[in-house]
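A.B. asks: Sequence plus predicted model, see below.
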Amino acid sequence: MQLLRVLTTSVFLITAQYAKASEIQVVSGETRPTLPAEAVGVGYFVVTVSGRSGEQLTDASSTFAANVSINETVMVGGTEVSRPVPGGIAIPANGTIVFEPGGYHLALSGISSQINLGDLIPVSLDFGGGGIIEIVLVAASG
């Protein structure tokens, strides 16, 4: 699994170079296995922007899900709730944003089938003027 993760990370870095002069890097793409009746999956990864200007992750999509939204987990009355982030997420110049459990994440709703350990889920990340970066989420146990 580590070898797959290293190879997948290398693919992300190569893909990111075509988005906008090597300014956006996306690494460590992961998802979690789902139960048979679950219709929502998640996406976690790390986005780093190098350069003098920041970028905005405005949208995401996947052929594996009917809808992909950029979400944030927040506490409401002592309960964690996943909420969409209107307009997406700004990544500052020379900054990093981590998509992780309990924070920012992708919500993949209407998934086409159960996600099993080791599955590879394709996702397109839209950075508006920064271009679209294709990544793969590897299903791993958390």
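C.D. replies: Sure, I can see it.
A.B. asks: can you give me the strands in the chain?
C.D. replies: Taking DSSP state E to define them, one finds strands in the chain at 24-31, 40-49, 55-57, 59-61, 65-76, 79-84, 89-91, 95-99, 104-111, 120-126, 132-139.
A.B. asks: For the second one, list every residue counted as buried.
C.D. replies: In this case it means strand 40-49. 41-49 (16 or more other Cβ atoms under 10 Å). C-betas here are computed from N, CA, C, even on glycine.
A.B. asks: swap in the longest one?
C.D. replies: By neighbour count with 16+ other Cβ under 10 Å, strand 65-76 contains the buried residues 65, 68-71.
A.B. asks: could you check the angle strand 104-111 makes with that strand?
C.D. replies: Interaxial angle, strand 65-76 versus strand 104-111 (axes from the mean of the first three to the mean of the last three Cα atoms, to 10 degrees): 140 degrees.
A.B. asks: any idea of the angle strand 65-76 forms with strand 95-99?
C.D. replies: 100 degrees.
A.B. asks: Kindly reformat the strands of the chain as TSV containing mean pLDDT.
C.D. replies: Listed next are these as TSV, based on pLDDT from 0 to 100:
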stretch	mean pLDDT
strand 24-31	95
strand 40-49	97
strand 55-57	95
strand 59-61	98
strand 65-76	96
strand 79-84	94
strand 89-91	96
strand 95-99	97
strand 104-111	97
strand 120-126	97
strand 132-139	97
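A.B. asks: For Val40, which non-adjacent residue is spatially closest?
C.D. replies: Ranked by Cβ to Cβ, 6 or more residues apart in numbering and with sequence neighbours excluded, the top spatial neighbour of Val40 is Ser109, at 5.0 Å.
A.B. asks: just to revisit the earlier point, which one of the buried residues of strand 40-49 is nearest to Leu57?
C.D. replies: For the buried residues of strand 40-49, the residue nearest Leu57 by Cβ to Cβ is Val47; the value is 6.5 Å.
A.B. asks: I'd guessed that closest one sits against Val26; true?
C.D. replies: Yes: between Val47 and Val26 there is a contact at 5.4 Å, judged by Cβ atoms under 8 Å.
A.B. asks: Touching both of the two, which residues are there?
C.D. replies: Residues touching both Val47 and Val26 by Cβ atoms under 8 Å, 6 or more residues apart in numbering: Leu125.
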